[in-house]
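*Asks:* could you look at this predicted model? Sequence included:
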Amino acid sequence: MTTTLVPYDEALTRYEPVLGIETHIELGTKSKMFCGCSTEFGAPPNTQVCPVCLGLPGSLPVTNQAAIEGIIKIGLALNCSIVEWCRFARKNYFYPDMPKNFQISQYDEPLCVDGHLDVEVDGETYRIEIERVHMEEDTGKSLHVGGATGRIQGADHSLVDYNRAGIPLVEIVTKPIVATGDKAPLVARAYATELRELVRALGVSDVRMEQGSMRCDVNVSLMPAGSSVWGTRSETKNVNSLRSVERSVRHEIERQAGVLDAGERVIQETRHFHEDTGTTTSGRSKEEAQDYRYFPEPDLVPMAPPREWVDELLTDRPELPAARRARVRAEWSLSDKELQDIVNAGALDLIEETVRAGAEASAARKWWMNELSRRATEQGVELTELPVTPADVVRVSALVAEGALNDKLARQVFDGVLAGEGTPDEVVEKRGLKIVSDEGELSTVIDEVIAGNPDIAEKIRGGKVAAAGALVGAVMKATRGQADAGRARELIIQKLTG
Ligand code: ZN
Ligand code: MN
């Protein structure tokens, strides 16, 4: 069935989107959820397995305390209540990458409930209500060999790697997200971004979407504008980048509007998002909870985290992203827009580290946000991937502050550092990038410039000091940028008015 997409803006005139986001986050514990196997990423297939995570008969699971600590930290950071008593449940379904034929998860007794996370889009705050945060285990990974797409269709055989089976997985489920209007895709993205930052700040997961340690299932439904009856939702599974979260919501709005406009029903199903086309395709029709035949996990004792422990985890937690942004914004005197730009550029850690290592905030911000961000964009890499360290930026800023470099020369120093020519000092030395600070030499150049621009010189003599800029420019040109512009300006004014 092909559906005619409705242009986004038009779809929003007739329909109101309702979102729901389920996020799976792999915790960075050393061992798995219910056994002692290593969780390290990238090991040869099936080398990190044992009878427990392979579900062999007679093996018994034991709960990993570090994982429970991790999920409670996440629950608290999401303003959830941590229940005093709860149980694991078996979620029964067959899938080749799940050796036990059931997943140990939580059903009607999740560990963390009723929280919220505030996110900001275009200066407006949206409160995302959190329904639940529960503990479960990851599945293995299927590898389909022989097809063109890596999907099962067209493959001639499949392999299964159980290294991932049993890695602690936290699932975070939002309540329905309503009243976001045309901002829905951006709100979804902002939520995933904020959640990722939050979990990263807690230090409980590396939250790498590209490696699958954070994956979002994005539910979208449409209801006619003005209605209060929710439509049928689709669930786009395992969306693995922030950009894709945004794009998948946008596409589903356009697609479902087309289905509804044609008088057809939206089918409740899972869908796959395709990065290349920005579209989703149908997966399988979605199971209802009763299909899983949940029942309390008989091999595990209930969880009853002591209150003192929970209180301790709350007291000892690190600064959370929202508090950090508020502090940085005040300390560095930033506008909301400036702060947002820094966050969006992924430069907050780098700038803060640079400031901590001794640079002025304004200088640290200037270099990371202008010069270095531009280089990163040109090279198509993240700012953190540039071969420049906060220490390098501190050193260049210091050289500028003491007048040994001007901005133009500093940029050349970064050229050298980026080209692997060494530290800023080594680049200055090798490339001979020193400001012409020899007063005699500078004075001679200034005399020549004054002689060559009698009209401007006359204006300055007449009191128009602002005109000195043009002469400074000429001095910089004559010295190929290696003069100290501030000193040149002083000397020009001195010579003409002193
Ligand atoms: Zn194991
Ligand atoms: Mn799950």
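*Replies:* That came through fine. Since we're looking at a predicted model, the values are computed, not measured. Ligands and ions are numbered 1, 2, ... in the order given.
*Asks:* give me the three-state assignment for Pro44.
*Replies:* Put simply, Pro44 is coil when judged by DSSP: H, G, I helix; E, B strand; the rest coil.
*Asks:* and it, how close does it get to ligand 1?
*Replies:* 15 Å (Cβ to the ion, to the nearest Å). Any C-beta I mention is one placed from the backbone N, CA and C, and that applies to glycine too.
*Asks:* same question, Arg265
*Replies:* 44 Å.
*Asks:* just give me the neighbour total for that residue.
*Replies:* By the measure other Cβ atoms under 10 Å, the count of residues near Arg265 is 9.
*Asks:* likewise Gly462?
*Replies:* Neighbour count of Gly462, defined by other Cβ under 10 Å: 11.
*Asks:* who does Ala483 form a beta bridge with?
*Replies:* When assigned by DSSP bridges, Ala483 has beta-bridge partners Val436.
*Asks:* for the residue of the stretch 201-350 of the chain found nearest ligand 1, helix, strand, or coil?
*Replies:* Nearest residue of the stretch 201-350 of the chain to ligand 1: Asp299, at 14.3 Å (Cβ to the ion). Three-state call for Asp299 (three-state DSSP): coil.
*Asks:* got the contact list for stretch 58-69?
*Replies:* Around stretch 58-69, the neighbours that count as contacts under Cβ atoms under 8 Å, 6 or more residues apart in numbering are 27, 29-35, 50-52, 88, 104, 111, 135, 168, 299-301, 303, 305, 313.
*Asks:* in the stretch 301-450 of the chain, which spans are helices?
*Replies:* Using DSSP state H, counting those that start in this stretch, the helices of the stretch 301-450 of the chain run over 307-315, 321-331, 336-344, 348-356, 361-366, 373-379, 390-401, 407-418, 424-431, 439-452.
*Asks:* right, I mislabeled it, should have said the stretch 101-250 of the chain
*Replies:* Applying DSSP H, counting those that start in this stretch to the stretch 101-250 of the chain gives helices spanning 184-202, 242-261.
*Asks:* need these in TSV with mean neighbour count and mean pLDDT, can you?
*Replies:* Formatted as TSV, the helices of the stretch 101-250 of the chain follow (neighbours: other Cβ atoms under 10 Å; pLDDT from 0 to 100):
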stretch	mean neighbour count	mean pLDDT
helix 184-202	22	96
helix 242-261	22	96
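*Asks:* turn those helices into CSV, columns for distance to ligand 1.
*Replies:* What follows is the helices of the stretch 101-250 of the chain, written out as CSV (distance: least, Cβ to the ion, whole Å):
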stretch, distance to ligand 1
helix 184-202, 24
helix 242-261, 32
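*Asks:* which bits of the chain sit near ligand 1?
*Replies:* Taking Cβ under 5 Å from the ion as the criterion, the chain approaches ligand 1 at residues Cys35, Cys37, Cys50, Val52, Cys53.
*Asks:* go again using 6 Å as the cut-off
*Replies:* Residues of the chain lying near ligand 1 by Cβ under 6 Å from the ion: Lys32, Cys35, Cys37, Val49, Cys50, Val52, Cys53, Gly166.
*Asks:* what about the fourth one, how many neighbours?
*Replies:* Spelled out, that is Val49. 22.
*Asks:* using the three-state scheme, assign it.
*Replies:* coil.
*Asks:* in space, what's closest to it - neighbours in sequence excluded?
*Replies:* Leaving aside its sequence neighbours, Val49 sits nearest to Tyr162 (Cβ to Cβ, 6 or more residues apart in numbering; 4.9 Å).
*Asks:* now Gly469
*Replies:* Arg489 (7.8 Å).
*Asks:* may I have the phi/psi pair for the one you found?
*Replies:* phi -60, psi -40 (degrees, to the nearest 10).
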